[in-house]
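In: would you be able to build a 3D model of this:
(chains A, B, C, D, E and F)
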6 protein chains.
Amino acid sequence: MSKSDWLDAATATWPECREFLADSPVAILPLGATEQHGPHLPQNTDTVIAEALATGVARQSSGLLLPSVQVGYSWSWRDYPGTLTFSFDTFREVVKDLARSVYRGGCRALMTLSGHGANPGPLKMTARELVDELNLRVLNVFYPGLDEVMADAESPQWAPMNFHAEEFETSLMLYLKPDQVRMDRAVREYPPRSADYEMSTLPLGSLSRSGVFGDATVASAEKGERWFHACVARMARVWTEFLSVPDDG
Amino acid sequence: MSKSDWLDAATATWPECREFLADSPVAILPLGATEQHGPHLPQNTDTVIAEALATGVARQSSGLLLPSVQVGYSWSWRDYPGTLTFSFDTFREVVKDLARSVYRGGCRALMTLSGHGANPGPLKMTARELVDELNLRVLNVFYPGLDEVMADAESPQWAPMNFHAEEFETSLMLYLKPDQVRMDRAVREYPPRSADYEMSTLPLGSLSRSGVFGDATVASAEKGERWFHACVARMARVWTEFLSVPDDG
Amino acid sequence: MSKSDWLDAATATWPECREFLADSPVAILPLGATEQHGPHLPQNTDTVIAEALATGVARQSSGLLLPSVQVGYSWSWRDYPGTLTFSFDTFREVVKDLARSVYRGGCRALMTLSGHGANPGPLKMTARELVDELNLRVLNVFYPGLDEVMADAESPQWAPMNFHAEEFETSLMLYLKPDQVRMDRAVREYPPRSADYEMSTLPLGSLSRSGVFGDATVASAEKGERWFHACVARMARVWTEFLSVPDDG
Amino acid sequence: MSKSDWLDAATATWPECREFLADSPVAILPLGATEQHGPHLPQNTDTVIAEALATGVARQSSGLLLPSVQVGYSWSWRDYPGTLTFSFDTFREVVKDLARSVYRGGCRALMTLSGHGANPGPLKMTARELVDELNLRVLNVFYPGLDEVMADAESPQWAPMNFHAEEFETSLMLYLKPDQVRMDRAVREYPPRSADYEMSTLPLGSLSRSGVFGDATVASAEKGERWFHACVARMARVWTEFLSVPDDG
Amino acid sequence: MSKSDWLDAATATWPECREFLADSPVAILPLGATEQHGPHLPQNTDTVIAEALATGVARQSSGLLLPSVQVGYSWSWRDYPGTLTFSFDTFREVVKDLARSVYRGGCRALMTLSGHGANPGPLKMTARELVDELNLRVLNVFYPGLDEVMADAESPQWAPMNFHAEEFETSLMLYLKPDQVRMDRAVREYPPRSADYEMSTLPLGSLSRSGVFGDATVASAEKGERWFHACVARMARVWTEFLSVPDDG
Amino acid sequence: MSKSDWLDAATATWPECREFLADSPVAILPLGATEQHGPHLPQNTDTVIAEALATGVARQSSGLLLPSVQVGYSWSWRDYPGTLTFSFDTFREVVKDLARSVYRGGCRALMTLSGHGANPGPLKMTARELVDELNLRVLNVFYPGLDEVMADAESPQWAPMNFHAEEFETSLMLYLKPDQVRMDRAVREYPPRSADYEMSTLPLGSLSRSGVFGDATVASAEKGERWFHACVARMARVWTEFLSVPDDG
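Out: From the prediction side, this is the model:
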């Protein structure tokens, strides 16, 4: 499989899709969000990042790149005006219908690539229901090995694998969409964590005033570029390995 | 209300959304599709057009521009590899969740703007269920007055308000995304119409070989530009009038 | 197929149904409504007409005549006391269960015949879901070629294919159930049409005072008889053609 | 409340319904079936009987008579060609939507009157869900005191309150629709009862060859008339008492 | 099949379950309740009894004894603090998922054994849906032949097969869990029965003050022991016969 | 609040529940599983542990102890005969119905205590839907601070917070139910972990032969006792703190 073995399903024609899936029955689905990302980042931050990562992975590995789902499971921010969210049920059905569509077209392996930290939970259950229904292998990817990637970050994560609109995301956006980042409004906020965080139904939104969980002020495009490519490389490796082994049935 | 009274919810920050909805509690949702559009147009044709129209309407009238839903109700093309489709139920829930999200943020009037001809049917029922649930006015727009707009078209529609990847859509794409149109592959195809068309469950896909329903070869960017602006003007007028009258309760 | 090749599933015995479906695995389902029809027509107008048309079609063509569904999708009139309505979901499941029942008994082609103008929308999606589930062909019929049939009407339709309790329906009822029509109360009303009619969620009920959309005063039994038979003939022709071609799979 | 305080919602006009419900906010819903009734009775036997009983009750007591639901919960006979059945879920939603419709129109008490022995089970749960949702009192009636009514029957019931197409139903039909009863084909059949009847999922249909559970040969119109009126009287009494007591909330 | 051919799925290991189901693909599911049982009996009375009966049946006949479902369909008591209830839908899905689980493990016949009188209604419909989905035979058991068993009871049942926290249940608990019965608080209460009992949606809870329907004061452990064993014997016989006949498919 | 402020809803009477909830409107729901736990532990291991922990927490803090849900979300083990599992949807509805039941009885804060590692994922979404529906605070507890508790374990966890039928669970069972642990069959197994573990839909069951993920051979009752009490203390502290702060809205 050559590195150029990918296709953008949005801008391709259907005969190109047909040909692609006949040769490479695999697809990549970027899953973003439209939700508050502090006073300095656009609401589509997770979507922008997921699309860019998915394109990078498709280029390095393989796959029919599906159009991103621009809304995710954003219950935690539902009280911020502007935030859009799917319920769990809607999110699940959206992913299932897209999987069914590409399966009908011949696809047999699907990678979901989340740019939003609340998507993987619902995706886990969704993927299980999908493999019980279809002969489709599903891989849900959300920043594998991020701790190593971010080893040189200047600011700590608010909580393990829990970061939002801070150094990491802001850096990636400074690399990917510099004109949409308003660094003059970037802030540093580490909202208090109660002992029962993760256990309670406290929406994150009620903890933070700015919407930032971490330190956005130390972000840079240079770090963003480096981290972005490190993430792509890790994701592409996981995906390539997943495709190289026989079905896990 | 000034012409500049619009905001892109995707690239805006949440404080900007909050401020916008507090002043102008209205939103516009572009509804596209990812489906076959013949051998010469990209699969996202309906999404590209819906987004462009919605942006135009927002600029001329008002509204929080929501990120487009890039997949629609495309049952008719479900056998073309590459086509993605939501079931009626998923489509309905997607629109409802987006409406609920903006309603929570303060929005009280929503325009859906479809670029895909099979969306308005499901939208009609969806909108009714929404107004029974929320104090939200909903307007579903799909090319109002298109017959007049296209009065100077060179080729006939395949069926009333039933056109696909032909002169109109190709022209709009030649204007909006010229580099994604492969005019060298454009064809003219008028698939046979059985007497029971519209009554049967015959998928459109089984009628056409190319996926084109009409004549794509006579399209031009000039017509596309003219038609696009005529459509925007009509849609903006309908929307403005809708907003100007009191709630139809 | 002889003209007598039909059977009324309601008044037949089950051995007769078994024999019929073994020979002619096709069925006809009349879909009516119980909803306001102005001050002069009974609420079951659409049901009466659908049953009569379906019986006529069965006689001229063929089919197991199923008992009519006497309630339809009547959201638009839900605020008129006496109007009964199914939600979209209930309407869909009712039709699906009836289709599944006759399919289990051997039926392989089903015609739905609507007497109510708001049924065909939900039926379109319902039929698609049915053919994805069962090896059953479905034809949804709602006054094919009505414009030609009504060419000699004295009053205009309120909107294209949008008429209610007016010249056409009143005439048919004067022919079919003259004792249930109170012509002394018949009125002429053409409620105002806003520019966004069909796009908004405005219930029809809020437009009209009488519930009439058109002119009921010019109706006559003579026209009703003529139009009724013209409609039956057209519907029977569509149905016969549908049955004569191989499965559109 | 006078004995003439009833109205047929099917043949009435909507202003009449409005007036009726404003005065008498109560309604009666006949629930029938379309299912095998042996070689001698029409499939709509339960519907015919339920409608006649409901009309009788409305006349003697009060109520807006709703159009009958002509299909019931007939799982047990689903393998007899011609039999139509709703799933439990569809049956429940049909009844709920009708209840919601009349409730919207002002109705506050609803009697369901079943002519089919498998309807009361699902109705019990349906009614409970309805009263949890609406401020509507619901009474489900299925032959109260039938043992006393039928004390002079010549043939025994197959099982307690379990009879089908036998002396009772055939007699009622001989009284109500004599021309639809083919007494020359009437049979006597008492299918074997296993010890686990009622506990197993054995469909009744696999027990009987004719579809008769009891003795149809001893039926007579005279008994039918007597029993019919006795049933109406008992049902009307229960309904009147139900309406006379304050809400059981 | 020897009498020792049973296994407790809760305390067994999975290899033991695998071996058991390979030999004896049958299972028993006790269905209890957690609901008010008067001032003298614990809320889990129905669960305790169902578990004990199921264990007895398993010992005398055969089956993989599943863990009891400790909550039932207890709508009637939902206003007594402490009472837990599943909706019909949840109850149905719980039973279905358990049936699907054991079916996946090889089970082909399932007995549900209810200790709560409101479970059999929902179970009937549930079992029918199950046999339409799976190749699984289902038997729903609720005190077969109880009238004969209780022939020597001192107090009458409140209504046929309608008893609650009275002589029978109290006696069984005095035998099974004597330390959990507070006989000093036992009462005798025969709430009034309206004529429309069973027809209306009156919750039982609004009839009784104590929660007792019958006479708990005459209960004894001796009767409980006798009745318990008589019930087990009858249930085991029904189950054994059910297993001995070929599939009723 | 005294340490004795708890009540077992299963063995209590309803007047006791009423009184308890009036004083202490809080409840604890143990969530177990019935699933493979290796060759040496009973299938109800997670249920036994959850019940014991919940009882301990109730004693140390407060709460109406609800009967445990003995089946969980055990998709990963669904191919081991004997394993029972709820789908996500069923699991969600079970928890919701129990929450609704106690809420109706007056409860305003609910702790779910999971003994099974796959329950917390579905619980997170379930709890969010609950707090959107009811004025009920929900806390989902699954071994808070377990790393510290198990600091002196002899064998490593297979994966972070991923352990099954190994040193920890076996030790707890040796303390709680020593007669149900067959230490002679205890094994040590560390199944291979693929790079995409957690991302793929590989069921755990296909990784392990024994069903053990860790080392069961080094378990001891002494460790079990110590760890159990440490867990109870931590859980009780979290719960007490949760109850002591005002509603997090």
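In: please look at residue A:169 and residue A:44 and confirm they touch.
Out: No - at 11.8 Å, residue A:169 does not count as touching residue A:44 under the criterion of CB atoms under 8 Å. C-beta here means a position set from N, CA and C on the backbone, and glycine is covered the same way.
In: what residues does the longest helix along chain A touch?
Out: As assigned by DSSP state H, the longest helix anywhere in chain A is helix A:221-244. Under the contact criterion CB atoms under 8 Å, 6 or more residues apart in numbering or on different chains, helix A:221-244 has outside partners A:26, A:28, A:52-53, A:56-57, A:60-63, A:109, A:111, A:113, A:137, A:139, A:141, A:143-146, A:149-150, A:152-153, A:167-168, A:170-176, A:178, F:194-196, F:199-200.
In: going along the chain, name the helices of chain A.
Out: A:14-23, A:45-60, A:88-104, A:120-133, A:146-149, A:167-176, A:221-244.
In: now those helices in CSV, with mean neighbour count?
Out: Below are the helices of chain A laid out as CSV (neighbours: other CB atoms under 10 Å in any protein chain shown):
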stretch, mean neighbour count
helix A:14-23, 19
helix A:45-60, 24
helix A:88-104, 22
helix A:120-133, 20
helix A:146-149, 14
helix A:167-176, 25
helix A:221-244, 18
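In: still on that earlier bit, between the longest helix of chain A and helix A:45-60, how many degrees?
Out: 60 degrees (axes from the mean of the first three to the mean of the last three CA atoms, to 10 degrees).
In: where does pLDDT dip in chain A?
Out: A:1-4, A:195, A:246-249 (pLDDT under 70).
In: 90 instead, please
Out: A:1-5, A:159-163, A:192-209, A:245-249 (pLDDT under 90).
In: OK, now which residue of it is nearest to chain E?
Out: residue A:132 (10.8 Å; CB to the nearest CB).
In: from chain C, how far out is that residue?
Out: Using CB to the nearest CB, to the nearest Å, residue A:132 is found at 19 Å from chain C.
In: returning to that earlier point: what's the closest of the helices of chain A to residue D:189?
Out: Residue D:189 sits nearest to helix A:120-133 of all those, at 44.4 Å, using CB to CB.
In: for the closest one, packing partners?
Out: Helices and strands touching helix A:120-133, by 3 or more CB pairs under 8 Å, 6 or more residues apart in numbering or on different chains; DSSP states H and E, are helix A:88-104, strand A:109-114, strand A:137-141, helix F:120-133.
In: now render those as a markdown table, adding distance to residue B:218.
Out: Below are the helices and strands packed on helix A:120-133 laid out as a markdown table (distance: least, CB to CB, whole Å):
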| stretch | distance to residue B:218 |
| --- | --- |
| helix A:88-104 | 32 |
| strand A:109-114 | 39 |
| strand A:137-141 | 44 |
| helix F:120-133 | 53 |
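In: with adjacent residues omitted, what lies nearest to residue A:154?
Out: Sequence neighbours aside, residue A:218 is the residue nearest to residue A:154 in space, at 4.5 Å (criterion: CB to CB, 6 or more residues apart in numbering or on different chains).
In: contact partners for that neighbour?
Out: Going by CB under 8 Å, 6+ apart, the list of residues near residue A:218 reads A:154, A:155, A:167, A:188.
In: kindly report the same for residue A:105.
Out: A:17, A:18, A:21, B:80, B:81, B:82, B:83.
In: now do residue A:219
Out: A:166, A:167, A:168, A:170, A:171, A:174, A:183, A:186.
In: ok, of these, which one's closest to residue B:9?
Out: Closest to residue B:9, out of all of the contacts of residue A:219 and judged by CB to CB, is residue A:170, at 19.7 Å.
In: and the closest residue to that closest one other than its chain neighbours, how far from residue C:126?
Out: Of all residues not flanking residue A:170 in the chain, residue A:219 sits nearest, at 3.5 Å (CB to CB, 6+ apart). Noted for residue A:219: a distance of 52 Å to residue C:126, by CB to CB, to the nearest Å.
In: do residue A:163 as well
Out: From residue A:163 to residue C:126 the distance is 46 Å (CB to CB).
In: now do the contacts for the closest residue in space to residue A:91 that isn't next to it in sequence.
Out: Distances taken as CB to CB, 6+ apart place residue A:73 nearest to residue A:91, at 4.8 Å, with adjacent residues excluded. Taking CB under 8 Å, 6+ apart, we find residue A:73 in contact with A:85, A:86, A:87, A:88, A:91, A:116, A:118, A:119, A:121, A:122.
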